Every structure is written in structure tokens, then in C-alpha cells.
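Student: okay, predicted coordinates and the sequence, questions at the end:
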Amino acid sequence: MNPYAKLVSLFSIILGSTITMSSTHWILAWAGLEINTLAVIPLISKSHHPRAVEATIKYFLVQASASTLILFSSMSNAWYTGQWDITELNNPLSSLLLTTAIAMKLGLVPFHFWLPEVLQGSSLPTGLLLSTLIKLPPLTIFTLISPSLNPTILTLLAIASALLGGWMGLNQTQIRKILAFSSISHLGWMCIIITYNPKLTILTFSFYTLITASAFLSLNTINTTNIPTLMTSWTKTPTLNASLMLTLLSLAGLPPLSGFLPKWMILQELVNQELTPTAIIISMLSLLGLFFYLRLAYYATITLPPNTTNHMKHWYINKTSYTYTSIFSSFSITLLPLSPLILTMV
């Protein structure tokens with residue numbers, strides 16, 4: 001891809017995210033989301049492969065449908081209330097339509113069908129953008145309108161996302177699809193607490209972004225996208241594979257790694273809100289995701305390939321991202337001792 005075109009796309013993504021997160025008017029927020037959508041499309045289709053073209057079309061159709069619902073819900077709310085302020089979402093029908101639209105933007109169940117296919121058709125750096133930065137503006141809108149949302153609907157969406165994200169990732173061999181279902185599961189954790197503590201949702205998203213960036217950068221460095229080639233990577237970069245194992249376990253939320261902190265705080269907040277059954281259900285559903293995280297960690301560090309393999313060995317290592325990978329890996333593993341400071345900030 002032309003470097004200037006890539007620079008324009010990345011600048012447009014940052015611009016669109018900034019416009020959406022800083023706006024209080026529905027039209028400006030919608031415009032920022034559209035800038036994001038149009039900017040990420042060239043990044044998905046840059047490989048000119050049929051799978052990439054298919055992923056581009058799916059992404060465009062889903063995002064266009066979600067944007068249409070956002071416009072319709074904001075117009076119906078303006079018709080009902082007489083104003084276009086984001087925080088004044090008082091119409092129940094508009095709130096329901098907007099919840100559906102943002103769920104489509106984020107990839108929540110039952111509107112998750114596009115996310116695994118789009119990530120599978122994208123490169124690892126583009127998949128990192130789709131899993132982290134692109135989800136920040138819709139999640140920001142969710143936090144702004146959280147007092148107007150229906151907690152029961154969000155709880156159902158969150159539990160369904162945690163269930164399906166863990167269940168569908170069990171039999172996958174493509175790492176990008178596994179990380180896509182991991183994203184769906186983590187979005188369930190973020191949405192279950194958003195009506196009670198929006199700051200905790202943003203904190204959880206920050207931790208998820210940090211740990212996911214470490215995982216994607218590690219996989220991009222060792223140049224692997226599926227489990228069979230992941231088994232050959234230990235002989236190339238044993239230190240990086242060890243840090244990848246810890247990053248995956250942190251993504252699963254195992255103590256004493258950094259990923260344990262947001263899940264611990266969410267469960268504590270749910271118990272404080274007298275939602276102990278909900279906390280028990282979503283904590284039990286996290287065991288499904290733990291299975292395929294452990295499987296990836298096992299293949300990355302313990303399992304060696306047989307003498308005869310049916311795929312080409314990738315001995316090329318992308319050394320340009322070593323510095324960023326080491327920084328993200330360090331933070332994604334060792335932030336739990338700073339939990340008292342983080343708790344005071346929240």
C-alpha cells in the first residue's frame with residue numbers, strides 16, 4: 001500500500017475518532033463514525049485478495065446499516081424531544097434503536113456475524129485497528145447515553161456475547177478468528193457494567209487494548225496467523241513466545257497478570273449493585289475463553305511440530321516491531337501491583 005495513502009487513512013481514523021468522542025451533537029458523532037468507516041476500508045482491502053474484498057464488502061454493509069439506524073434513532077429522538085443533544089436520549093424507541101446500532105458497530109451478539117470474517121480477511125495490523133481503535137468511538141457514545149439505556153437489554157447482550165465469544169472460539173484454528181471471538185467476549189464484559197459504572201467500562205477497554213495490542217504485535221513479529229505455524233515459532237523466538245504466552249493468559253484474566261484487574265473490578269461492582277447471580281454467570285462463562293487461551297499458550301510454548309508438516313515453515317521475523325512489542329508486553333503482564341493507584345483513579 002502506498003505510504004501516503006496509509007498515512008491519510010490513519011490520520012482519518014484518528015480524526016473521525018476525535019470528532020465522535022468530542023461531539024455532543026448527533027450529526028457530528030455520525031460524521032465521525034462515517035469518517036472512520038471510509039478510512040478503514042482501504043486498509044482492509046489493500047491485499048487485493050478475494051477474502052480481503054469479501055471482508056471489505058461485509059464491513060461496509062454492516063457499518064452502513066448501523067449508521068442508518070443511528071441517523072433514524074437520532075431523528076426520531078429529535079422529533080420527540082426537540083433537540084439533537086447526545087445526552088438527551090429520552091425516547092424509549094430511539095434508545096432501543098441506538099442500542100441495536102451501536103451493538104452492530106461493536107460486534108455484540110446477535111450482531112457479531114461480521115467481526116470474525118472481517119478480521120480473518122484482514123492483515124494483523126488492520127485487525128489490531130478493528131479490534132481496538134475503531135471500537136472506541138461507538139463505546140464512547142455508549143458511555144454518554146448510558147443513563148438512558150435499558151440495563152436488562154444490555155445484560156442480556158453482554159451474557160450472550162460472553163457465551164458465544166467463548167463457545168465459538170473453541171474449535172477455531174485461525175488465530176485472527178480466535179482473537180475476534182475474544183473481542184466479542186470482552187465486549188460483553190464491558191457492556192454489562194456500562195449502565196452502573198461507565199468509567200470502569202473505559203478502564204476495561206484500555207486494559208483490553210493494551211493486552212490485545214501486545215498479542216497482535218507479537219503474532220505480527222513472528223509472522224504467524226494459524227495454530228500449525230504457531231507451533232514452529234518457539235525455535236525462532238523463544239523469549240517472544242514466552243511473553244506471548246503470558247499475554248494470552250493475561251487476556252484470559254488469570255491472576256497475577258494485568259488482565260485480572262478489570263474483571264475483578266467488574267465482578268466487585270456487580271456484587272455491590274446486588275447483581276451477584278449475574279456476576280456468577282459471566283465469571284463462569286469466562287472459563288470458555290480460558291480454554292482456547294490456554295490452548296494457544298500451549299501451542300506457542302510447549303508443543304513442538306512433528307518431523308513432517310504439511311505447511312511451509314516461516315523463518316522470516318519482522319524485527320521492526322520488536323520495541324513496541326516489548327513495551328506493550330511488559331505493561332500487559334505487570335500492571336496488577338498498581339491496582340491501588342488505578343482504583344483511586346476510577
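Tutor: Yep, that arrived. On a predicted model such as this, the values are computed, not experimentally measured, just so you know.
Student: who touches stretch 43-57?
Tutor: 1, 6, 9, 41, 59, 117-123, 126, 129-130 (Cβ atoms under 8 Å, 6 or more residues apart in numbering). C-betas here are computed from N, CA, C, even on glycine.
Student: among these, which lie within helices?
Tutor: K6, S9, I41, Y59, E117, V118, L119, Q120, T126, L129, L130 (DSSP state H).
Student: redo those as CSV? Include distance to L335 and pLDDT.
Tutor: Shown next, in CSV, are the ones in helices among the contacts of stretch 43-57 (distance: Cβ to Cβ, whole Å; pLDDT from 0 to 100):
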residue, distance to L335, pLDDT
K6, 31, 83
S9, 31, 88
I41, 34, 91
Y59, 32, 93
E117, 32, 90
V118, 30, 92
L119, 26, 91
Q120, 30, 89
T126, 27, 90
L129, 23, 91
L130, 24, 90
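Student: would you format these as CSV with distance to F205 and neighbour count included?
Tutor: CSV is the format used below for the ones in helices among the contacts of stretch 43-57 (distance: Cβ to Cβ, whole Å; neighbours: other Cβ atoms under 10 Å):
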residue, distance to F205, neighbour count
K6, 25, 14
S9, 22, 20
I41, 23, 17
Y59, 20, 24
E117, 23, 17
V118, 19, 27
L119, 17, 28
Q120, 23, 19
T126, 19, 25
L129, 14, 21
L130, 14, 23
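Student: let's have those residues in TSV, adding distance to F111.
Tutor: Shown next, in TSV, are these (distance: Cβ to Cβ, whole Å):
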residue	distance to F111
K6	29
S9	25
I41	19
Y59	13
E117	13
V118	13
L119	15
Q120	17
T126	21
L129	20
L130	15
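Student: what's the most distant pair in these?
Tutor: Within those, K6 and E117 form the most distant pair, 23.0 Å apart (Cβ to Cβ).
Student: check which residues of the helix or strand where L210 lies are buried.
Tutor: Using DSSP states H and E, the element containing L210 is helix 198-222. Judged by neighbour count (16 or more other Cβ atoms under 10 Å), helix 198-222 contains these buried residues: 198, 200-205, 207-222.
Student: in terms of secondary structure, what does that helix contact?
Tutor: Contacts defined by 3 or more Cβ pairs under 8 Å, 6 or more residues apart in numbering; DSSP states H and E place helix 198-222 against helix 124-131, helix 136-144, helix 175-192, helix 238-252, helix 260-272, helix 322-334.
Student: same question for whatever helix or strand comes next after that helix, mean pLDDT?
Tutor: Counting by DSSP H and E, the next helix or strand C-terminal to helix 198-222 is helix 227-230. For helix 227-230, mean pLDDT is 79.
Student: for stretch 167-176, same thing?
Tutor: 85.
Student: and it, end to end?
Tutor: 16 Å (Cα to Cα, to the nearest Å).
Student: need the contact partners of that stretch.
Tutor: By Cβ under 8 Å, 6+ apart, stretch 167-176 touches 116, 119-120, 122, 124, 127, 177-178, 181-182, 185, 219, 224-228, 230, 288-289, 291-292, 296.
Student: measure how far stretch 229-249 is from the centre of its chain, please.
Tutor: Averaging C-alpha positions (Cα atoms, centre = their mean, to the nearest Å) puts stretch 229-249 22 Å from its chain's average.
Student: distance between the ends of it?
Tutor: 20 Å.
Student: check stretch 222-235 too.
Tutor: Start-to-end, stretch 222-235 (Cα to Cα) is 11 Å.
Student: three-state assignment of the nearest residue to P151 once chain neighbours are set aside?
Tutor: Closest residue in space to P151, ignoring its immediate chain neighbours: T195 at 4.6 Å, by Cβ to Cβ, 6 or more residues apart in numbering. Assigned with DSSP: H, G, I helix; E, B strand; the rest coil, T195 falls in the coil class.
Student: show me the contacts for T195.
Tutor: By Cβ under 8 Å, 6+ apart, the contact list for T195 reads S146, P147, L149, P151, L154.
Student: let's see it at 6 Å
Tutor: By Cβ atoms under 6 Å, 6 or more residues apart in numbering, the contact set of T195 is S146, L149, P151.
Student: need the pLDDT of the last one.
Tutor: pLDDT recorded at P151 is 88.
Student: neighbours of N77, how many?
Tutor: 26 (other Cβ atoms under 10 Å).
Student: cool, and V53?
Tutor: Residues lying near V53 (other Cβ under 10 Å) number 14.
Student: now it: how far from P256?
Tutor: 44 Å (Cβ to Cβ, to the nearest Å).
Student: again with P50
Tutor: From P50 across to P256, the span is 45 Å (Cβ to Cβ).
Student: equivalent analysis for A31, please.
Tutor: Distance from A31 to P256, by Cβ to Cβ: 44 Å.
Student: what is the strand or helix carrying Y299 packed up against?
Tutor: Using DSSP H and E, Y299 falls within helix 276-301. In terms of contacts (3 or more Cβ pairs under 6 Å, 6 or more residues apart in numbering; DSSP states H and E), helix 276-301 is packed against helix 151-168, helix 227-230, helix 238-252, helix 260-272.
Student: gap between the shortest one and the chain center?
Tutor: Averaging C-alpha coordinates over helix 227-230 and over its chain gives two centres that are 23 Å apart (Cα atoms, centre = their mean).
Student: re the thing from before, filter the contacts of stretch 167-176 down to the buried ones, ChimeraX style.
Tutor: In ChimeraX, this line selects whichever of the contacts of stretch 167-176 come out buried by 16+ other Cβ under 10 Å:
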select :116,119,120,122,124,127,177,178,181,182,185,219,224,225,227,230,288,289,292,296
